[in-house]
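**Student:** fold the following for me, if possible:
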Amino acid sequence: VVDRVETQFVGGPATVARKLETLRNVTGADEMIIATITHDHADRVRSYELLAEEWH
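**Tutor:** Model prediction:
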């Protein structure tokens with residue numbers, strides 16, 4: 001469980017993008033799965049949009 005908690009990122013787009021970039025560099029991953037947990041579908045879509053704008 002600990003390793004899963006360490007790769008759950010919460011924050012604004014810049015914070016999450018920075019942490020994802022670090023995770024990618026540390027693991028050498030060439031693919032990542034991003035999951036946003038929200039009740040409302042529109043909020044989930046907006047979350048992905050914000051991250052996509054920040055993380056190139």
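
**Student:** so which residues of this structure form helices?
**Tutor:** Defined through DSSP state H, the helices belonging to the chain, from first to last, are 2-5, 13-27, 41-54.

**Student:** packing partners of the helix or strand bottoming out on mean pLDDT in the chain?
**Tutor:** The least trusted helix or strand in the chain, going by mean pLDDT, DSSP states H and E, turns out to be helix 2-5, with a mean of 76. Under the contact definition 3 or more CB pairs under 8 Å, 6 or more residues apart in numbering; DSSP states H and E, helix 2-5 sits against no other helix or strand. Bear in mind the C-beta positions are built from the backbone N, C-alpha and C, glycine included.

**Student:** buried stuff in that helix?
**Tutor:** Buried residues in helix 2-5, defined by neighbour count with 16 or more other CB atoms under 10 Å: none.

**Student:** also stretch 46-56?
**Tutor:** In stretch 46-56, residues buried by neighbour count (16+ other CB under 10 Å) are 47, 50-51, 55.
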